[in-house]
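Chemist: take a look and give me a structure for this.
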Amino acid sequence: MNTIGVVGGGAWGTALALTARRAGRDVVLWAREASVVDSVNTAHVNTDFLAGVPLDPAIRATSDHAEVAGADAVLLVPPAQHLRAACRALAPHWRAGVPAVICAKGIELSTCALMADAVAAELPGAVVAVLSGPTFAIEVARGQPTAVTLACADAGLGQKLVEALGTASFRPYLSDDLVGAQMGGAVKNVLAIACGIVEGRGLGDNARAALITRGLAELTRLAMAKGGRPETLMGLSGLGDLILTASSTQSRNYSLGFALGEGRGLAEILAERRSVTEGVTTAGAVMDMAARIGVEMPICAAVDAIINKGVSLDEAIRALLSRPFRSEGL
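Modeler: Okay, here's the model as predicted:
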């Protein structure tokens with residue numbers, strides 16, 4: 001795997017392009033925005049989404065789907081709700097057997113499909129893998145130590161991907177549980193919004209710790225119902241990602257929840273942002289999926305009620321705290 005394609009010119013896509021280049025690969029970065037393509041190719045920086053981080057001049061940006069699809073492996077990094085459309089655009093140029101590594105975190109709102117299902121439907125010739133875990137783009141871009149899960153059903157191919165992307169500071173751990181890795185990355189964004197609300201509302205560290213713990217139980221229940229393994233959710237793509245995203249204002253989801261907790265309106269918060277806050281859309285998709293398969297998720301339901309159903313923060317918090325006492329466990 002000498003050439004790595006990256007689809008998505010946002011902060012995370014750019015950070016992954018830098019990582020692949022540090023691993024010694026030739027890198028082509030596809031971006032929708034002409035300004036990103038021009039900035040990467042001429043100034044060797046992504047001024048729109050990752051300003052202040054110099055890029056290796058060997059990283060080449062393009063707006064040509066055929067060019068990025070010609071790589072030996074392609075990292076798919078668009079927002080979750082746009083992943084299917086991105087794959088549809090790549091499909092005419094895709095070569096059978098080329099790995100498609102999903103780096104987006106979410107559940108498709110219109111279908112309740114996991115990202116791997118959407119990719120498989122649009123790129124039937126691709127071999128699907130999932131890269132997920134506790135990753136703030138800016139820290140990965142700076143080369144700070146990071147560990148991730150790389151899930152692939154084909155162990156041999158998974159090992160090749162680990163070797164193609166791994167460096168001393170970017171350490172992929174191999175798994176074959178694609179469902180668990182995807183569920184962790186998706187649901188933790190919803191839980192991070194809840195944790196931000198707790199902090200913004202001044203409910204205390206005890207409440208946030210309880211919410212993370214009980215939220216992890218919700219996440220594990222849903223993942224297991226979809227065929228994921230509980231040990232995956234105790235790893236980097238579950239607990240690791242949840243801890244990171246639910247405890248730092250660097251997280252777009254946590255910071256959005258914090259602003260909600262302070263009393264600001266959702267529309268106002270989103271209007272100030274250029275990057276996508278995945279948990280806002282994922283909240284509805286998670287609850288739709290949970291309802292279809294009969295999994296109880298009260299914390300995620302509270303976030304969905306606040307964001308999508310007009311329920312006030314005080315009402316949602318009261319409803320959670322009024323639930324019957326029960327035994328601890330999944």
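Chemist: and the strands in the chain?
Modeler: Here the chain has its strands, by DSSP state E, at 3-7, 26-30, 60-62, 73-76, 99-102, 127-132, 146-152, 170-175.
Chemist: show me what the first one is in contact with.
Modeler: I take that to be strand 3-7. 13-14, 16-17, 20, 25-30, 67-78, 86, 90, 164-165 (C-beta atoms under 8 Å, 6 or more residues apart in numbering). (Each C-beta comes from the backbone N, C-alpha and C, glycine too.)
Chemist: and the strands of the chain: which comes nearest Glu218?
Modeler: strand 127-132 (17.7 Å; C-beta to C-beta).
Chemist: can you list the neighbours in contact with that closest one?
Modeler: So strand 127-132 is in contact with 75, 97-103, 105, 115-116, 119-120, 148-154, 157-158, 161, 165, 172, 178, 181-182, 184-185, 236-237, 241, going by C-beta under 8 Å, 6+ apart.
Chemist: likewise for stretch 88-101?
Modeler: Outside stretch 88-101, the residues touching it (C-beta under 8 Å, 6+ apart) are 7, 65-66, 68-76, 87, 119, 122-123, 125-131, 150, 152, 157, 161.
Chemist: next one: stretch 298-307
Modeler: Against stretch 298-307 from outside (C-beta under 8 Å, 6+ apart): 187, 190-191, 193-194, 197, 211, 214-215, 218, 257, 260, 266, 279-280, 283-284, 286-287, 290, 311-313, 316-317, 319-320, 323.
Chemist: now with 7 Å, please.
Modeler: Under the contact criterion C-beta atoms under 7 Å, 6 or more residues apart in numbering, stretch 298-307 has outside partners 187, 190-191, 193-194, 211, 214-215, 218, 260, 266, 280, 283-284, 286-287, 311, 313, 316, 319-320, 323.
Chemist: give the contact list for Arg229.
Modeler: The neighbours of Arg229, taking C-beta under 7 Å, 6+ apart as the test, are 177, 180.
Chemist: which of the contacts of stretch 88-101 count as buried?
Modeler: Buried by 16 or more other C-beta atoms under 10 Å: 7, 65, 68-76, 87, 119, 122-123, 126-131, 150, 152, 157, 161, out of the contacts of stretch 88-101.
Chemist: where along the stretch 151-300 of the chain do the helices fall?
Modeler: 155-165, 178-200, 205-225, 230-233, 241-245, 252-261, 266-271, 278-293, 298-308 (DSSP state H, counting those that start in this stretch).
Chemist: what comes into contact with the first one?
Modeler: So the one you mean is helix 155-165. The contact list for helix 155-165, computed with C-beta under 7 Å, 6+ apart, reads 1, 4, 19-20, 23, 25, 73, 99, 101, 127, 129, 150, 152, 172, 174, 176.
Chemist: do the third one as well
Modeler: In this structure, residues lying in contact with helix 205-225 by C-beta under 7 Å, 6+ apart are 179-180, 183-184, 187-188, 191, 194-195, 198-199, 230, 233, 238-239, 242, 246, 289-290, 293, 295, 297, 299-300, 330.
Chemist: could you rerun that using 8 Å?
Modeler: By C-beta under 8 Å, 6+ apart, helix 205-225 touches 179-180, 183-184, 187-188, 191, 194-195, 198-199, 229-230, 232-233, 238-239, 242-243, 246-247, 286, 289-290, 293-300, 329-330.
Chemist: now the most centrally placed residue in the chain: closest residue in space that isn't a chain neighbour?
Modeler: Residue closest to the average C-alpha location in the chain (C-alpha atoms, centre = their mean): Lys105, at 2.7 Å. Using C-beta to C-beta, 6 or more residues apart in numbering and skipping residues adjacent in sequence, the residue nearest Lys105 is Gly185, 3.5 Å away.
Chemist: and the one you found, what does it touch?
Modeler: Counted by C-beta under 8 Å, 6+ apart, Gly185 has contacts 105-106, 130, 132-133, 237, 241.
Chemist: switch the cut-off to 6 Å
Modeler: In this structure, Gly185 makes contact with 105, 132, 237, judged by C-beta atoms under 6 Å, 6 or more residues apart in numbering.
Chemist: now do the last one: how many residues are near it, please.
Modeler: Looking back up the chat, that one is Ser237. Residues within reach of Ser237, counting by other C-beta atoms under 10 Å, total 31.
Chemist: so, low pLDDT: which residues of the stretch 151-300 of the chain?
Modeler: Counting by pLDDT under 70, the stretch 151-300 of the chain contains no low-confidence range.
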